[in-house]
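**Student:** I'll drop the sequence and a predicted model, then ask my questions.
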Amino acid sequence: MYELIVVGGGPAGLAAAYAAWESGLQRILIVDRDQALGGILNQCIHSGFGLHRFGSELTGPEYAGRYIRMLQHTDVEVALETMVLEVTADRQVHMVSRKEGYRVLEAASVILAMGCRERTRGAIAIPGTRPAGVLTAGTAQRFVNLDGYLPGRRVVILGSGDIGLIMARRMTLEGAKVLCCVEIMPYSSGLNRNIVQCLRDYDIPLYLSHTITEIRGRNRVEQVVLAKVDERRMPIPGTERVLDCDTLLLSVGLIPENELTRKAGIKMDRRTGGAIVYENMETSLPGIFACGNVVHVHDLVDFVSAESERAGKAAASYVLHKEEPQSQVLELIAGEGISYTVPQKIHPDKVGQTIEIFFRVTRPRNSSRIRVTSNGTLLSVFKREHLAPGEMEHIRLPRELFEKATGSLELSIEEVIG
């Protein structure tokens, strides 16, 4: 029996496994379906990773390489090209590979770190024909950065997620003409630094409150129809424009990869699309933890690593100390202006000196106050000059605050007028 099985060998799985090893676990297995560790980082050849975690600006492969080298000094086992088919409530992990065939391994603890996937054309139902040249931004990134294949010459990007913004720059550098980036919301869903560095620096227009209403082409994309949308995000008749292009990249959101989580019977959060977790990243099933983009979609891999290290340490504590479930639980409620929080539940007795709460806001705001209340009593206030849905926010709450709370904590946004 393994003390810990980590499902996923991307940045979350690597950080969790290393933290668990450092915390005293000896029998650890990382299972990943790809041919190499690193996950999505292997195709992210741009810089900007690692400033928080390592104090250096690294590319994606360099960031993954740091963790891989750290793990090489441990006895952590790795099973590559292995697909996990099921994780049961009693921590049996069903997996299959060409080398080992079908097998079932038991673990004292499990960490789910499967990451996320992109929304496709089918998820947003764009009308029109079904020609070649319609790709998710991540697929195009893999083609360009790993396979050395340029998927198009005249490109339109739908959605302003970070992968789409980064691919606008990447395609431009490879010689393609990026006509525009189109966003249905009145604000971008990507980081502001990517809007500046990937669009403005290359004079690529960003059309807010616009969408693609039709894809045209027989064998290959030939045109797309662009239109403005109203406040209900419905196309406005008479605002259509036709753009000649051969490629449409979709950057319309990421979905936590949670088929295994649901099948295990773990309670889910409909807002994040991931598991409901406690302050130590434990799910509703004792001994099964989740971390990284499988819980909620992060902006920075550094935050993924920090969260995953917390999960690894908690899994080690669960195995080594056989901790009993705590009876007192505080529910964390997403109030006015907050779309979700992670964690969603807190054991006050398990909180150290402080605990970080991550959340996103529902719309852009200027000078605002983040209010933390319990049953109508104001416990703490945090000031922010700017808030945006595309940037994950976090606050740090002290242990003393939880002693004043009863039943639940609510986070809400109050905009400062004047």
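**Tutor:** Noted; the coordinates are in hand. These numbers were taken from a predicted model, which means no experiment stands behind them. Numbers count the residues shown, from 1 in each chain.
**Student:** The residue nearest to the spatial centre of the chain in helix, strand or coil?
**Tutor:** Ranked by distance to the mean C-alpha position of the chain (CA atoms, centre = their mean), the top residue is Val297 at 2.2 Å. Following DSSP: H, G, I helix; E, B strand; the rest coil, Val297 is assigned to coil.
**Student:** which residue packs closest to it, ignoring adjacent ones?
**Tutor:** Nearest non-adjacent residue to Val297, counting by CB to CB, 6 or more residues apart in numbering: Leu254, 4.8 Å away. Where C-beta positions appear, they are placed from N, C-alpha and C, glycine not excepted.
**Student:** Burial check on that neighbour, number of neighbours?
**Tutor:** 21 (other CB atoms under 10 Å).
**Student:** Might you report the residue contacts of it?
**Tutor:** 116-119, 161, 293, 297 (CB atoms under 8 Å, 6 or more residues apart in numbering).
**Student:** how does it look with 6 Å?
**Tutor:** Neighbouring residues of Leu254 by CB atoms under 6 Å, 6 or more residues apart in numbering: 116, 118, 297.
**Student:** Looking at those residues, which is nearest Val144?
**Tutor:** Glu118 (15.4 Å; CB to CB).
**Student:** For the residue nearest to that closest one when sequence neighbours are not counted, name its beta-bridge partners.
**Tutor:** In space, and not counting its chain neighbours, Glu118 is closest to Thr136: 4.2 Å by CB to CB, 6+ apart. Taking DSSP bridges as the rule, Thr136 bridges to Leu250.
**Student:** what's the burial count for Thr136?
**Tutor:** 22.
**Student:** just checking, it touches Arg119?
**Tutor:** No. Using CB atoms under 6 Å, Thr136 is not in contact with Arg119, being 7.7 Å away.
**Student:** give the contact list for Glu257.
**Tutor:** Here Glu257 is in contact with 114-117, 294 (CB under 6 Å, 6+ apart).
**Student:** How far off centre is stretch 68-80?
**Tutor:** 24 Å (CA atoms, centre = their mean, to the nearest Å).
**Student:** which residues touch it?
**Tutor:** 17-18, 21, 28-32, 37.
**Student:** Ranking by neighbours, what's the top pick from those residues?
**Tutor:** Ala17 leads the contacts of stretch 68-80 on contacts (other CB under 10 Å) with 33 neighbours.
**Student:** any idea how far His46 is from Arg169?
**Tutor:** 8 Å (CB to CB, to the nearest Å).
**Student:** try Lys228
**Tutor:** Counting by CB to CB - Lys228 and His46 are separated by 31 Å.
**Student:** Over to Ile357?
**Tutor:** 29 Å.
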